[in-house]
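Trainee: Below is the sequence, then the predicted model.
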Amino acid sequence: MFKISEFSRLSRVSLKTLRFYDQIGILKPADIDKETGYRFYAAEQLVTLNRILMYKDLGFTLQQIQELLHEEMSLEQLQGIFRQKEREMKQLLEEEQARLNRIKERLLSIEQKGYGEQEVVFKRVEAQKVVSFRAEGNVEEIPMLFDRLAHYAGKQQRGMLSPIVLWKESERDETAFELEIGYVLKQDISLPSDRLEIRMLPEEPMMATLVQRVEPFVPSTACIDLAKWIERNQYRIKKDQPGRENYLQSPDGGDTYVEVQIPIESP
């Protein structure tokens, strides 16, 4: 049996950590002197401590480690836990790599153009024929609404071009938007579902637009840059006209870009 100070020296784990592990029940002393309160540890507990440190190094939480230590697990269950952790770590690496790539791109942009807003383009947008359906919701629901659109459209998707979203504030629900989810049509089609409608979006002579790459897990700054541009150039957002988002695929079929369009008018 070893005193806690000796066990700390042998294991190279601090006294504070050993006391914490005792407190949460992940590694209790083998014995405690009733008179002095001194903690004593057995040599075989070094094996348990090494397992704790190994699991911690692999990214498991202390709660997960406690379950791993105290539950009788089959080989298959243990393998399943490690495979799940492997998947989590791969996803984390992918997200961090994507974040690193964005940092590199931003650094390059700063070096080339200086820190600031992205370029806003002022243009006329021609009338467009779209097939769409209407819903109330928030931005996070748009991917799910596009899945619904694909279900409604079925095989008729061959006659459709880029996805489009129209949005404006809801008059009934302050937490939601009135959304229109659709596709720009490249040819006339018969309606595949009574949930859809075909209509012509009107021409907009004055539209402030900005193109931005769609990045998972990263909120878009397009509307912020558009708002600054509109304010600085003393325009007004056109009343009762929805904003638009046109989704564009890069020519090589890789990245997806969104062109955010805000209808404006002179003051």
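Mentor: Great, that's in hand.
Trainee: C-alpha coordinates for stretch 129-139, PDB please?
Mentor: C-alpha atoms of stretch 129-139 as PDB (Å, rounded to 0.1, in the frame of the first residue of the first chain):
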ATOM      1  CA  LYS A 129     -40.600  31.500 -63.800                       C
ATOM      2  CA  VAL A 130     -40.500  29.200 -60.800                       C
ATOM      3  CA  VAL A 131     -42.200  26.200 -59.400                       C
ATOM      4  CA  SER A 132     -42.500  26.400 -55.600                       C
ATOM      5  CA  PHE A 133     -44.500  25.900 -52.400                       C
ATOM      6  CA  ARG A 134     -45.000  28.100 -49.400                       C
ATOM      7  CA  ALA A 135     -44.300  27.500 -45.800                       C
ATOM      8  CA  GLU A 136     -43.600  29.200 -42.500                       C
ATOM      9  CA  GLY A 137     -40.300  28.400 -40.700                       C
ATOM     10  CA  ASN A 138     -36.800  29.500 -40.000                       C
ATOM     11  CA  VAL A 139     -33.500  29.300 -41.700                       C
END
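Trainee: how far does it sit from the chain's center?
Mentor: Distance of stretch 129-139 from the chain centroid (Cα atoms, centre = their mean, to the nearest Å) equals 22 Å.
Trainee: so who does Lys3 touch?
Mentor: Neighbouring residues of Lys3 by Cβ atoms under 8 Å, 6 or more residues apart in numbering: Tyr38, Arg39, Phe40. (C-beta placed from N, C-alpha, C; glycine too.)
Trainee: out of those residues, which is most surrounded?
Mentor: If you count neighbours using other Cβ atoms under 10 Å, the busiest of the contacts of Lys3 is Arg39, which has 21 neighbours.
Trainee: For the lengthiest helix in the chain, list every residue counted as buried.
Mentor: Ranked by residue count, the top helix of the chain under DSSP state H comes out as helix 75-113. The neighbour-count check on helix 75-113 (16 or more other Cβ atoms under 10 Å) flags Ile81 as buried.
Trainee: following it, which helix or strand shows up next?
Mentor: Using DSSP states H and E, the helix or strand that follows helix 75-113 in sequence is strand 121-125.
Trainee: contact partners of that following strand?
Mentor: Glu203, Glu204, Pro205, Met206, Met207, Ala208, Thr209, Leu210, Val211, Arg244, Gln261.
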